[in-house]
Structures are given as structure tokens and as C-alpha cells.
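Novice: sequence plus predicted model, see below.
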Amino acid sequence: MYTNNKKHIKITEKIMAYEHKENKGSIFKNDRKEKDTHPDYTGQANVNGTVYNVSAWINESKGGKKYYGLSFSIPKPKSEDLPF
């Protein structure tokens, strides 16, 4: 609740899930990275109508060039999505 000298205003925030257009996706810096094995970036992509989780690591080739290594996985259902 936000309090002003004259009014009390209740502020609520509803976070909506972003839905990517087909064959689009996005990744963001992983602020929860604690180990080298954790991805540097995480996000989601919609590939031909199927949503995938995307994990990306910054790697370096033997020649010294940096590149992103990627991993894709199907999202696990949230407990609220389960029928029981």
C-alpha cells in the first residue's frame, strides 16, 4: 500500500506471461548464476509453435573467439497447472 498525506492508494501489480511470436525468442542475463555450470543467459523461444526454455553460456574457442553455447528444453509444468 502506498501512503500519501491525503490518500491511501493500493497498488497491485499483475505480471503477465509474455508470449513470443512463432520462431522468435529472447534471453536475459542470469542474475542468479552462482557456479560456472549455471548458464550466463536464460530465456524462452517459440519454435514452430512449441515453447522451449533456452540456456546460453559464453564460451571461447581454441582460436580465442567467443561464442554462445546453447541448450534447449521443454518447460516443466508449474504446480498450479497440474490437475490435482
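Specialist: In hand now; what should we look at?
Novice: low-confidence stretches in this protein?
Specialist: Residues of the chain meeting the criterion pLDDT under 70: 1-16, 80-84.
Novice: for this protein, what spans make up the strands?
Specialist: 2-3, 8-9, 24-29, 41-47, 50-60, 66-73 (DSSP state E).
Novice: which of those strands sits most buried?
Specialist: Among the strands of the chain, ranked by average contacts under mean count of other CB atoms under 10 Å, first place goes to strand 41-47 (a mean of 17). Bear in mind the C-beta positions are built from the backbone N, C-alpha and C, glycine included.
Novice: name the helices or strands packed onto it?
Specialist: strand 24-29, strand 50-60 (3 or more CB pairs under 8 Å, 6 or more residues apart in numbering; DSSP states H and E).
Novice: quick one: the last one to strand 24-29, angle?
Specialist: Here strand 50-60 points in a direction 50 degrees away from that of strand 24-29 (axes from the mean of the first three to the mean of the last three CA atoms, to 10 degrees).
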